[in-house]
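J.: For reference, the sequence and a predicted model appear below.
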Amino acid sequence: MTKHPKAYLVGGGIGSLAAAAFMIRDGCFPGQSISVLEAMPILGGSLDGAGNAANGYSLRGGRMLTTDNYECTWDLFKSIPSLHNAGMTVFDETVRFNERYKAHSLARLVDRRRAKVPVTSMGFSMQDRIELLKLSKADEQELGASRITDWLSPAFFDTEFWYMWATTFAFQPWHSAVEFKRYLHRFMLEFSRIETLAGVKRTIYNQYDSLVLPLQTWLEAKGVRFVMDCKVTDLDCSSDDKVFTVTGIHCLRQNDREVIAVNDGDLVFMQNGSMTDASSLGSMTSAPAKLTKADSDGWALWEKLAQGRPEFGNPAAFNSCISQSCWESFTVTLKRPAFFDQMNRFSGNEPGTGGLVTFKDSNWLMSIVLAHQPHFANQPDDVQVFWGYALLPDRVGNFVPKPMAECSGAEILQELCGHLRFDPETVESANCIPCRMPYITSMFMPRERGDRPPPVPRGSKNFAFVSQFVEIPDDVVFTVEYSIRAAQMAVYELIGIDREIPPITPHDKSLRTQFEALVKAFK
């Protein structure tokens with residue numbers, strides 16, 4: 001009996017789970033021959049969602065979804081059964097949910113007077129329009145490692161457009177001009193509706209419950225082996241005749257070291273880098289610990305592989321400046337409806353229809369979002385959960401006299417109530433869990449061509465990268481789609497699957513989309 005080759009996936013994030021699914025669905029790879037090696041005790045990577053009503057819920061973040069883009073994501077989830085609606089796929093469930101709860105923000109920006117900022121105009125001057133057009137038309141080779149500030153004047157960063165675009169996608173002025181340009185093209189359809197977030201789609205629950213668990217359940221039913229608490233520390237490899245081949249995987253499992261032999265025909269997929277590496281949680285009484293790369297091994301394996309191998313990329317371009325890639329989020333668990341009731345009256349939006357509310361004059365540049373409730377599958381009916389984040393946690397607050405990075409959950413709630421002019425009683429008995437993420441926008445750091453490797457590096461025989469730190473022309477990082485597209489590309493190339501990968505929808509080539517964006521720019 002012929003023994004089937006095996007596949008090993010280093011890391012249990014959405015990219016690895018998607019790769020396993022593509023191998024089974026499109027490559028006829030037996031699930032029993034696939035192993036996912038994950039250092040944490042839970043799968044999902046950055047698409048996490050944990051906790052309970054008693055101890056508080058926690059989300060590091062929530063990724064924006066859209067059914068107008070995300071071609072590979074929905075190609076996958078049209079095949080994955082929902083855990084919550086019998087007879088439906090995850091895609092069907094998501095479409096139905098968004099038909100019922102349509103996004104239309106009525107309070108996208110709020111100023112220091114707690115007044116809703118008019119957002120029908122983007123606030124551009126003619127100079128802003130000219131510079132933005134020039135950047136959007138520039139060749140990526142010309143943009144190089146330049147920053148957004150190298151192309152746009154200071155006044156641009158005080159426009160309504162910038163506050164909405166930056167907080168929707170988490171851009172900072174010092175981030176890569178290439179990534180900003182790619183976003184302008186990939187999400188040109190959103191340009192004309194950025195003030196309402198009408199193009200944003202949401203899953204029925206948080207993305208761990210709605211995307212990760214259904215995918216994990218499907219893979220388990222196919223026989224995929226999940227090896228938890230397994231940290232991969234090194235790879236044995238050979239480079240004969242300039243062909244790179246992985247021959248062994250060094251693991252640390254519950255303090256026991258072992259080496260997995262990678263035989264001829266076996267495949268290895270690795271997550272290189274992590275945007276949630278070295279994350280830390282705080283509490284109502286304490287701020288999150290300030291962890292760095294030294295406190296986590298998330299980058300170490302990529303750095304080892306890339307040493308002396310330029311075709312494997314340059315991790316230092318992304319993980320060398322925490323001060324420029326760090327921000328902080330917070331998740332609030334409420335057992336009284338007062339806060340949600342007041343937010344409904346103030347914003348005019350029911351939970352799940354409003355999207356981000358950004359406090360434009362906040363020193364921290366704070367935003368919150370009230371999702372449809374329940375937001376967790378195990379959330380009781382009398383409990384509400386909302387999420388928020390701030391792009392500038394190193395700055396002193398408007399109502400709390402210290403940086404957000406030094407604040408407890410109680411102090412973050414104090415700052416939030418100050419901006420909303422809400423009485424502290426509205427968050428009485430609330431549990432706010434802050435989360436510091438030093439590398440959360442590391443993918444946006446300025447980079448040179450070659451700093452990100454392709455999913456299958458040049459000369460690789462049995463090895464591929466699956467992450468936010470690979471190069472996919474024209475697509476945008478910091479999206480679920482990027483990880484899933486990278487997984488599909490890697491699997492199809494290594495296995496030789498003769499099926500077209502869903503192409504990126506060229507909304508930016510549509511004359512109607514271009515016209516609507518132009519009209520919006522001149523309002």
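T.: Alright, I've got the coordinates.
J.: For Pro454, give me its contacts.
T.: 465, 470-471 (C-beta atoms under 8 Å, 6 or more residues apart in numbering). Placement of C-beta: from N, CA and C, glycine included.
J.: Is it possible to get TSV of these that adds pLDDT?
T.: Output for those, formatted as TSV (pLDDT from 0 to 100):
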residue	pLDDT
Phe465	98
Val470	98
Glu471	98
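J.: Looking at those, which is nearest Val178?
T.: Of all the contacts of Pro454, Glu471 has the smallest distance to Val178: 10.8 Å, by C-beta to C-beta.
J.: Now for Lys402, how many residues are close by?
T.: 13 (other C-beta atoms under 10 Å).
J.: and if you look at Ala317?
T.: Using other C-beta under 10 Å, Ala317 has 19 neighbouring residues.
J.: again with Asp382
T.: 10.
J.: does it sit in a helix, a strand or a coil?
T.: coil (DSSP: H, G, I helix; E, B strand; the rest coil).
J.: ok so, going back, now, the contacts of Pro454 that are in helices?
T.: Within those, no residue falls in helices by DSSP state H.
J.: Can you redo these as TSV, where the extra columns are neighbour count?
T.: Formatted as TSV, the contacts of Pro454 follow (neighbours: other C-beta atoms under 10 Å):
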residue	neighbour count
Phe465	28
Val470	27
Glu471	17
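J.: From those, pick the one nearest Trp162.
T.: Nearest to Trp162 among the contacts of Pro454, with distances taken as C-beta to C-beta, is Glu471, at 26.8 Å.
J.: can you pull the contacts of the closest residue to that closest one other than its chain neighbours?
T.: Distances taken as C-beta to C-beta, 6 or more residues apart in numbering place Arg452 nearest to Glu471, at 4.1 Å, with adjacent residues excluded. For Arg452, the contact set (C-beta under 8 Å, 6+ apart) comprises 313, 469-471.
J.: just the contacts of Pro454 now: which is nearest Glu160?
T.: Among the contacts of Pro454, and counting by C-beta to C-beta, the member closest to Glu160 is Glu471, at 32.7 Å.
J.: my guess is that closest one meets Val456, correct?
T.: No: Glu471 is beyond contact range of Val456, at 11.1 Å (criterion: C-beta atoms under 8 Å).
J.: Dihedrals phi and psi, Asp75?
T.: Backbone torsions for Asp75, taken as degrees, to the nearest 10, come to phi -60, psi -40.
J.: Please name the nearest non-neighbouring residue to it.
T.: Pro502 (5.0 Å).
J.: quick one: the one you found from Gln207, how far?
T.: 20 Å (C-beta to C-beta, to the nearest Å).
J.: Would you mind telling me which of the two has the busier surroundings?
T.: Taking other C-beta under 10 Å, Pro502 and Gln207 do not tie; Gln207 has more neighbours (22 against 15).
J.: ok, that one - contacts?
T.: Contacts of Gln207 (C-beta under 8 Å, 6+ apart): 47, 49, 62-63, 480.
J.: before we move on, what about Lys222?
T.: With C-beta under 8 Å, 6+ apart, Lys222 has these contacts: 24, 31.
J.: quick one: the helices in the stretch 1-150 of the chain?
T.: 14-27, 71-77, 90-100, 126-137, 140-143 (DSSP state H, counting those that start in this stretch).
J.: and if you look at the stretch 201-350 of the chain?
T.: Going by DSSP H, counting those that start in this stretch, the stretch 201-350 of the chain shows helices at 207, 213-221, 300-306, 316-319, 338-347.
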